[in-house]
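> Provided below for reference: sequence and predicted model.
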Amino acid sequence: MSGDLSENSLVISPILDWEKQVGIASIDVRLGNEFITFRTSSFPFMDLQKEPAKIEQNIYRYQRKFRIDYGESLVLHPGELVLGATFEYMQIPNDLLCYVIGRSSWGRLGLTVATATVVEPGFRGCITLELVNSGVVPIALVPGCRIAQLVFHPVRGAARYKGKKYTCPTGPDFSKIHLDKEMVFWAQPRNVGSETE
Amino acid sequence: MHAALGHEIGHVLSKEYLASQQQKDYVQLANEVLQWIAQDPASGPATEGGAEEYFTMCCDLRNAAINEIVADLYAIQCFGPAAFFSLHEMAQQYAMDESPIEARFYPPWRLRLRYAARALSEYSYLPIRGVDDRDAEVLAAEVARLTSEAEDTTYDNEWSQNVITIAYQSVERSISSIHQFLREKVVSTAVSPEMLYGQTRALVDRLLQQLPPCGNETDPTSPKPATLPAILNAAWFYRLLRISKIKQETADWQKEYLDEMEIVQRLTLRAIETSYWQKEFRNAQTRIHN
């Protein structure tokens, strides 16, 4: 990170404490104050065999987004999943791949951070963190604290980020699985063996 | 929203200004009403008691206008050109020239914009600088366009109701004392053009890169968080620069503009929040280590 603002710069903004956050091989990131949690809903399961508009509707029935104030905490119960996002907004250059992994301090309490870990070259925005309590006691998540770390790998080639599903997110994003066009093909019911009869 | 907040806080000062009004201002107003009635009895009140009613209406019109104008000028002192742009955008939702007598004495939006536009010059916010030269030309053209809409003196042409004219001529005479009053009261919260424009260029560059305009991070080990007025003004400059460019680039410019502005709004709100926490955290570190 040089302070240069070209498209090929790594930008992580803001880094509140350079000495504490920037390590030898990783950069700590903090937890933001916006979350997506899951509601107990009236439908029995997330059915991806519906048409995309219906899947999207169910996603918004299933999940809700909210903010808490800094200074408050969100309690994550054992087995519970919540989506958060990094406090920092980032720009990943086209020649770097980023992994999000948990910090061992939190892992030893049972908190698993970022179940989907890869951030593609060219990404801009706050990274959504999938936070799961794998422990046996509730954990209070405190916005602002250092919750995860970023590890970077150089990549070759000049591929450009094509992600249109999530555009400059400034908080956690809802799933956009309904935009996955392949789902329509794979979710289509088929009559097995009908062609041989 | 933040510029509107500046206006609402400004009402505290407008009440104080009106309370400080000297008797001579009202005496002059009364004399002008009586003079009008003497010169043109046919257009005046039918009864002697009506003169008092006309004078009261004159005072109400004048004071209602001053109430809003002082608040607007306070917002401009706190937020610079962003307050004018916000006021202009808000005015688009209403009739610019509605008669104040039809609007419960609320002054016409065009009148308010006129004084707000003049305040930009009075407080040295014009010309807009703190962007590169080419962008400064585009912004100058946009500001000229917006301020020309404000300058059309409709209250003289559209409704020549004498009581309104007398009231607003009294407002015009009060403007220099309003500026003086605000200069004395707003010393600590006013944003100087130098401080504002010293930050905006870096912030506009960040928005061009789809990064939140939260500060100058040319040295990432020692970032300089931006002030709230600088963030708001950078967002407005970016918006005005982009709309003129998008209109040239594409036929379906409205959708593209709205999509882009949705991102800019989120980035601006993000910047406001994070620059606040940058300062708070820095102050906390100072307290912890001292």
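Everything's here; your move. Keep in mind that what you see is a predicted model, and the values were worked out from it rather than measured.

> ok, now how distant is the closest residue to chain A within the stretch 101-250 of chain B from B:Gln35?
The minimum distance from the stretch 101-250 of chain B to chain A, using Cβ to the nearest Cβ, falls at B:Thr218 (4.1 Å). Where you see a C-beta, it was placed from the backbone N, CA and C, and this is true even at glycine. In this view, B:Thr218 and B:Gln35 are 64 Å apart by Cβ to Cβ, to the nearest Å.

> so how far is B:Thr227 from the residue of the stretch 101-250 of chain B closest to chain A?
17 Å.

> ok, B:Ile69 touching B:Pro108?
No. In this structure B:Ile69 lies outside contact range of B:Pro108 using Cβ atoms under 8 Å: 11.5 Å.

> picking up where we left off before, what kind of secondary structure is the residue of the stretch 101-250 of chain B closest to chain A in?
Secondary structure for B:Thr218, judged by DSSP: H, G, I helix; E, B strand; the rest coil, is coil.

> Quick check, pLDDT for it.
On pLDDT, B:Thr218 comes in at 79.

> what's around it, how many residues?
Per other Cβ atoms under 10 Å in any protein chain shown, the neighbour tally for B:Thr218 reads 13.

> Please apply the same query to the one 10 residues further on.
Neighbouring residues of B:Leu228 were enumerated by other Cβ under 10 Å; the total is 16.

> out of everything not next to it in sequence, what's closest to it?
Distances taken as Cβ to Cβ, 6 or more residues apart in numbering or on different chains put B:Ile272 closest to B:Leu228, at 6.2 Å, once the chain neighbours are dropped.

> Kindly provide the distance from the one you found to B:Ser192.
B:Ile272 is 20 Å from B:Ser192, by Cβ to Cβ.

> more neighbours, those two?
Taking neighbours as other Cβ under 10 Å, B:Ile272 and B:Ser192 compare with B:Ile272 leading, 18 against 14.

> Could you measure from the more buried one over to B:His11?
23 Å.

> Start from the N-terminal end of the chain and give the helices.
In the absence of a named chain, chain A is used. Along chain A, counting by DSSP state H, helices occupy A:18-21, A:52-62, A:104-107, A:182-186.

> that's the wrong chain, I wanted chain B
Going by DSSP H, chain B shows helices at B:2-19, B:23-39, B:49-79, B:81-91, B:109-122, B:133-151, B:154-157, B:162-185, B:193-208, B:228-249, B:253-289.

> Would you mind putting the ones you listed into JSON lines with mean pLDDT alongside?
Shown next, in JSON lines, are those (pLDDT from 0 to 100):
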{"stretch": "helix B:2-19", "mean pLDDT": "84"}
{"stretch": "helix B:23-39", "mean pLDDT": "79"}
{"stretch": "helix B:49-79", "mean pLDDT": "88"}
{"stretch": "helix B:81-91", "mean pLDDT": "92"}
{"stretch": "helix B:109-122", "mean pLDDT": "91"}
{"stretch": "helix B:133-151", "mean pLDDT": "84"}
{"stretch": "helix B:154-157", "mean pLDDT": "52"}
{"stretch": "helix B:162-185", "mean pLDDT": "88"}
{"stretch": "helix B:193-208", "mean pLDDT": "91"}
{"stretch": "helix B:228-249", "mean pLDDT": "88"}
{"stretch": "helix B:253-289", "mean pLDDT": "87"}
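
> count of neighbours near the nearest residue to B:Met195 once chain neighbours are set aside?
Excluding the flanking residues, the one nearest B:Met195 by Cβ to Cβ, 6+ apart is B:Thr227, at 7.4 Å. B:Thr227 has 15 neighbouring residues, counting by other Cβ under 10 Å.

> residues in contact with B:Thr227?
Residues counted as contacts of B:Thr227 (Cβ atoms under 8 Å, 6 or more residues apart in numbering or on different chains) are B:Val191, B:Met195, B:Leu196, B:Gln199, B:Ser275.

> How many neighbouring residues does the last one have?
This points to B:Ser275. B:Ser275 has 24 nearby residues by other Cβ under 10 Å.

> Now do it against chain A, distance only.
Using Cβ to the nearest Cβ, to the nearest Å, B:Ser275 is found at 8 Å from chain A.

> Please name the nearest non-neighbouring residue to that residue.
B:Pro225 (4.0 Å).
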